[in-house]
Structures are given as C-alpha cells and as structure tokens.
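Engineer: Sequence plus the predicted model coming up.
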Amino acid sequence: MTELHRHASHPGIVKRLKRADGHLRHVIGMIEEGRACTDIAVQLQAVEKAVTAAKRTLIQDHIDHCLGAGGETDLTEIKALAKLL
C-alpha cells in the first residue's frame with residue numbers, strides 16, 4: 001500500500017481546484033448557451049489563473065517541505081519542477 005503524501009497546503013489547494021471546477025462548468029454552460037466569445041474568454045482566463053495559482057502553491061510547498069539535502073536528486077527535481085511553473 002502506498003503511503004499518503006499530504007501537506008498542510010493541500011486542503012486549500014483542493015478548495016481552489018473545486019472552485020475552479022465549478023467555474024469551468026459555468027464556462028462550458030456559457031459556450032452551450034451561445035454566449036459571446038469575449039465573455040467566455042474572460043471567464044476561461046479566470047479559470048486558468050485559478051489552476052495556475054493552485055499549481056504554484058503545490059510546487060512551492062513541495063520545494064519547501066520535500067526537498068531537503070540539496071543533493072543532485074533535489075537539483076534534478078527542482079529543474080523538472082521549474083519547467084512546470
């Protein structure tokens with residue numbers, strides 16, 4: 001069985017992502033209703049920002065709490081994470 005990997009930031013990240021999920025569902029509804037493309041694009045940008053903020057929080061928390069000794073493994077992981085930001 002795999003050990004659970006949780007951080008103090010995870011509940012907040014889940015909350016943000018659930019909010020973004022609801023927002024995205026609303027955007028899908030806007031498209032289905034034939035709303036103006038400009039309005040849809042603005043709302044999609046808001047969803048994108050919410051997901052990006054959640055991702056940044058997750059990565060920063062991981063760097064702060066999971067990467068420790070600063071060895072070669074940590075440096076490789078930091079480089080991989082930097083590509084995701």
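Structural biologist: Happy to help now that I have it.
Engineer: any weak-confidence spans in the protein?
Structural biologist: 1-3, 68-73 (pLDDT under 70).
Engineer: Would you mind pulling up the elements that the lengthiest helix in it packs against?
Structural biologist: Secondary structure of the chain per DSSP state H: the longest helix is helix 37-66. With contacts taken as 3 or more C-beta pairs under 8 Å, 6 or more residues apart in numbering; DSSP states H and E, helix 37-66 sits against helix 10-33, helix 72-84. Glycine gets a C-beta too; all of them are placed from N, C-alpha and C.
Engineer: tilt between it and helix 72-84?
Structural biologist: 170 degrees (axes from the mean of the first three to the mean of the last three C-alpha atoms, to 10 degrees).
Engineer: May I see the buried residues of helix 37-66?
Structural biologist: Under the neighbour-count criterion of 16 or more other C-beta atoms under 10 Å, helix 37-66 has 40, 43, 47, 50-51, 54, 57-58, 61-62 buried.
Engineer: got the contact list for stretch 32-39?
Structural biologist: For stretch 32-39, contacts defined as C-beta atoms under 8 Å, 6 or more residues apart in numbering pick out M30.
Engineer: measure it end to end?
Structural biologist: Length of stretch 32-39, first residue to last, C-alpha to C-alpha, to the nearest Å: 13 Å.
Engineer: same thing with stretch 65-76?
Structural biologist: Stretch 65-76 has an end-to-end distance of 16 Å (criterion: C-alpha to C-alpha).
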